[in-house]
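Novice: Below are the sequence and a predicted model for it; my questions follow.
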Number of protein chains: 2
Amino acid sequence: MALQSSLCRASIQLRQLTTKVPGARFYSAPVSGSIPASKRKYVPTSGTYPQGFKVSGTIVGVKPKNTTKPDLAFITSSTPCAAAAVFTKNKFQAAPVTFSRALLQEQKNSGLRGVIINSGCANAVTGKGGLEDAEKMAKAADKVLGADKSTIVMSTGVIGQRLPIQKILDGVPKAYEGLGDTHKHWLTCATAICTTDTFPKLISKTFRLPSSPSIEYRIAGTTKGAGMIHPNMATLLGVIATDAPISPSIIPPVLKYAVDRSFNSITIDGDTSTNDTVALLANGAAGGQGVTTEDSADFTAFRDVVTDFATDLAKLVVRDGEGATKFVTIRVAESSSEEGARKIASTIARSPLVKTALYGKDANWGRILCATGYSLISEPGHAVNDVAEIIPEKTNVSFIPTDGSPELKLLVNGEPEIVDETRAAQILELEDLEILVRLGTGDKEATYWTCDYSHEYM
Amino acid sequence: MALQSSLCRASIQLRQLTTKVPGARFYSAPVSGSIPASKRKYVPTSGTYPQGFKVSGTIVGVKPKNTTKPDLAFITSSTPCAAAAVFTKNKFQAAPVTFSRALLQEQKNSGLRGVIINSGCANAVTGKGGLEDAEKMAKAADKVLGADKSTIVMSTGVIGQRLPIQKILDGVPKAYEGLGDTHKHWLTCATAICTTDTFPKLISKTFRLPSSPSIEYRIAGTTKGAGMIHPNMATLLGVIATDAPISPSIIPPVLKYAVDRSFNSITIDGDTSTNDTVALLANGAAGGQGVTTEDSADFTAFRDVVTDFATDLAKLVVRDGEGATKFVTIRVAESSSEEGARKIASTIARSPLVKTALYGKDANWGRILCATGYSLISEPGHAVNDVAEIIPEKTNVSFIPTDGSPELKLLVNGEPEIVDETRAAQILELEDLEILVRLGTGDKEATYWTCDYSHEYM
């Protein structure tokens, strides 16, 4: 299982070519510049970070012209962590994905000390040499941490080019020296993994577990997207760290559950890159009784904390969809199956006709209905579909205003409503919008988050 | 089985709403105007039409303001036809789809005399009243043809509004009076089914069958797309008529085979409407030995004729994708399965990142590779994919210039090529482009046709 509905992607490039072909796009990824005014509210000015973790962001110049933006992120724990990662399902998997998957398997999800991440080059479609580079990065990190086979690797950036590996190896001791646990360290680390992102994505929270109500645990994480105009540098990466005591056997099911409902429930352009990776590390530094079995109250509580946390991180990626003007929640409720609800929500979220209508502030229930109607159809050659989840006469579509005002019904039991035009216009003026599809066939539901397609996307 | 990967769609609308909401799109569908200079070459000035068929296009004013564009098409045969249709798989099926499917089943694919089609209103999401309207249209046509249960119905246009049924019923006798078999009649008929199409789509050809080499059979057909900016009127419809003698039992498998490889192998925006329908009628008026079994040379010959013909029609729909600047053939070859090849071609053809790169004249093999790599991945929750069709080290990606010059290799056996920039720029300047992906895992292949996403699309 792996990241898939994620986003923009790894787009790679014959960079020389694109800069010379008339009309081609340019990939400058000016992340180091200022954060747009409209996005500043998403960047925290303080945080509470998990004990025992130290992080850094270092300038190594993966891209030769980069002399100002940190491009090597290092996330470390002073003690061994339980860890898991969810990787891209793309058949063309980048070297760091192959390396890190194998390491986590070999280590049985335990004994991890760090994650080292470079931006600027994805180390994808780089063959055997690329795999050796990924291993060298990990070993350099292992060396400074003083622990063998303890570091996983991520890369994001241009596909089809080898890493400037010596620069990175030379940068690792510097990254180690720069480690720290302040908000500034975490923010610099979050900046180091960015490519075309317009703002660093960092969240931290506290939580408690039923078995140890007196202990305040901490969880922090960073992610990066997801350009739409310049997706050659856009891979989805995410790292989540906590000081709660979690057994190695517990980490994979928790992360899988969380990612299915967060990073795998967002879409910007529907593509899935060669490098997408989300990792979860738990070092237990805050103490307390360990979460060791799946049938405990602690397990459920921790799983839900991670799911909510990952959802918040994933939403930040959607907020940064390039050219996007709207943040749209697609909720499909009253379904006879959760899988069906998820597929329908995904199909609506990916429909170019829905996404352009939203940009056009067009209350087009028909496009939503169309996408719903074809979401569960079989492939060509299969028998006519017989979809239990959808009964046209039971289908309802509404806009849920994000200002708390009453819903606007567009379709009720399969019949079009006479819509209050002024009200529709007001709702569509808001940056955030929720589209609610009630299927009336059950009690399961699923939610997707997406953005609109604007002119800028093209 | 039904149309599904087709195209733009049925988009429907709260038209009152959209015309008043600031920033909303307008749906005027000015098809009656002049044909763009760049499209004139696709409109024939003469044709050879099948014997025994008469057609017309009549102005009935389905949209109240329409007083100049034919909007009721009537295709008739003087003798009963064997007939079949492939319908949309969208769960929200329009009334004419429901009606026509039932009629063809009841009539066991024989005894058909006509197809009546209105543009301007899709008669979709119109409930029981809509179904009665579809039946009334058919019965009015039956009446003038003097044959009971002999007419199938299609509609295309706005969703969620009832047909102005009396206008249409009043127009049927006029449509009957207007029937004729000249090129002008066929072209007017082709125009009558258009909505946002910029040109009428009409093709006619002749062919022979092995068993009757002395007889020249004729086949003619019309189709309509597929706006991208104004998709509220965009349903895929198609009607193909031939004077070859084909048994009722032969028509469905032939049409299904042809549609899978033609109308189901094109994509503009990836959506599938509530009304999509393609029908095939054969009246046998040209005589000769009938095609009665699937294991005959005639069957194979006829199937291939219809497939090629349907492919030519489907390509015209892609040529008319609104805002599109390129006609792109995606060929996936050397696959271990045809189904896999088709899925990969479909995924590349739908990728917004590929489509925007093509518009940007960007030789971005990475986006093509990415789309290939995620094309066969499982749904969330499923096991890690194990895709036999794709082996990264065996994958090749090339541009095939449509001017007959040698291919430009972008990726060879999974390794990026050093690309001749000047050559790439030349190839990307051409209106037509073929992307060839060779998987190196077998000998099956599949082809998709698509267009780019331009600024105009938004």
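Specialist: Noted; the coordinates are in hand.
Novice: make it CA atoms for all contacts and neighbour counts henceforth
Specialist: Will do.
Novice: Point out where the stretch 101-250 of chain A drops to low pLDDT.
Specialist: Within the stretch 101-250 of chain A, the stretches with pLDDT under 70 are A:226-234.
Novice: which residue does it bring closest to chain B?
Specialist: Nearest residue of the stretch 101-250 of chain A to chain B: A:Gly160, at 6.2 Å (C-alpha to the nearest C-alpha).
Novice: Not counting its neighbours along the chain, what's nearest that residue?
Specialist: Excluding its sequence neighbours, the residue lying closest to A:Gly160 (C-alpha to C-alpha, 6 or more residues apart in numbering or on different chains) is A:Val125, at 5.0 Å.
Novice: ok, now A:Cys121?
Specialist: A:Gly157 (3.9 Å).
Novice: pretty sure that neighbour is in a helix, no?
Specialist: No: remark: A:Gly157 does not belong to a helix; assigned using DSSP: H, G, I helix; E, B strand; the rest coil, it is strand.
Novice: my guess is it meets A:Thr195, correct?
Specialist: Yes: here A:Gly157 reaches A:Thr195: they are 6.9 Å apart, a contact under C-alpha atoms under 8 Å.
Novice: returning to what we had before: identify the residues contacting the residue of the stretch 101-250 of chain A closest to chain B.
Specialist: By C-alpha atoms under 8 Å, 6 or more residues apart in numbering or on different chains, the contact set of A:Gly160 is A:12-13, A:122-126, B:366, B:415-416.
Novice: for A:Val239, helix, strand, or coil?
Specialist: Looking at A:Val239 with three-state DSSP, the answer is strand.
Novice: check contacts around A:Tyr217.
Specialist: A:Tyr217 touches A:50, A:206-208, A:242-244, A:286, counting by C-alpha under 8 Å, 6+ apart.
Novice: Tell me how many other residues crowd the residue nearest to A:Cys121.
Specialist: 31 (other C-alpha atoms under 10 Å in any protein chain shown).
Novice: Look up which residues are beta-bridged to it.
Specialist: A:Gly120 (DSSP bridges).
Novice: before we move on, what about A:Ser77?
Specialist: A:Phe53.
Novice: Looking at it now. What's its pLDDT?
Specialist: Looking at A:Ser77, its pLDDT is 98.
Novice: Show the residue spans covered by the strands in the stretch 151-300 of chain A.
Specialist: Listed in chain order, the strands of the stretch 151-300 of chain A (DSSP state E, counting those that start in this stretch) span A:151-158, A:201-209, A:212-224, A:237-242, A:266-267, A:277-282.
Novice: buried set for the longest one?
Specialist: By 16 or more other C-alpha atoms under 10 Å in any protein chain shown, the buried positions in strand A:212-224 come out as A:215-224.
Novice: just the angle between it and strand A:151-158, please?
Specialist: Strand A:212-224 and strand A:151-158 are oriented at 30 degrees to each other (axes from the mean of the first three to the mean of the last three C-alpha atoms, to 10 degrees).
Novice: Pull up the pairing partners for strand A:212-224, direction included.
Specialist: Strand A:212-224 is paired, per DSSP bridges, with strand A:201-209 (antiparallel), strand A:237-242 (antiparallel).
Novice: do the shortest one as well
Specialist: Using DSSP bridges, the strands paired with strand A:266-267 are strand A:444-451 (parallel).
Novice: Off-centre distance for the strand it pairs with?
Specialist: Centre-to-centre, strand A:444-451 and its host chain are 14 Å apart (C-alpha atoms, centre = their mean, to the nearest Å).
Novice: Restrict that strand to CA atoms and write it as PDB.
Specialist: Output in PDB follows, covering the C-alpha atoms of strand A:444-451 (Å, rounded to 0.1, in the frame of the first residue of the first chain):
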ATOM      1  CA  LYS A 444     -20.600   5.100   5.700                       C
ATOM      2  CA  GLU A 445     -18.800   8.200   4.500                       C
ATOM      3  CA  ALA A 446     -15.500   9.500   3.100                       C
ATOM      4  CA  THR A 447     -13.900  12.900   2.600                       C
ATOM      5  CA  TYR A 448     -11.500  14.200   0.000                       C
ATOM      6  CA  TRP A 449      -9.800  17.600  -0.100                       C
ATOM      7  CA  THR A 450      -9.000  19.300  -3.300                       C
ATOM      8  CA  CYS A 451      -8.500  22.700  -5.000                       C
END
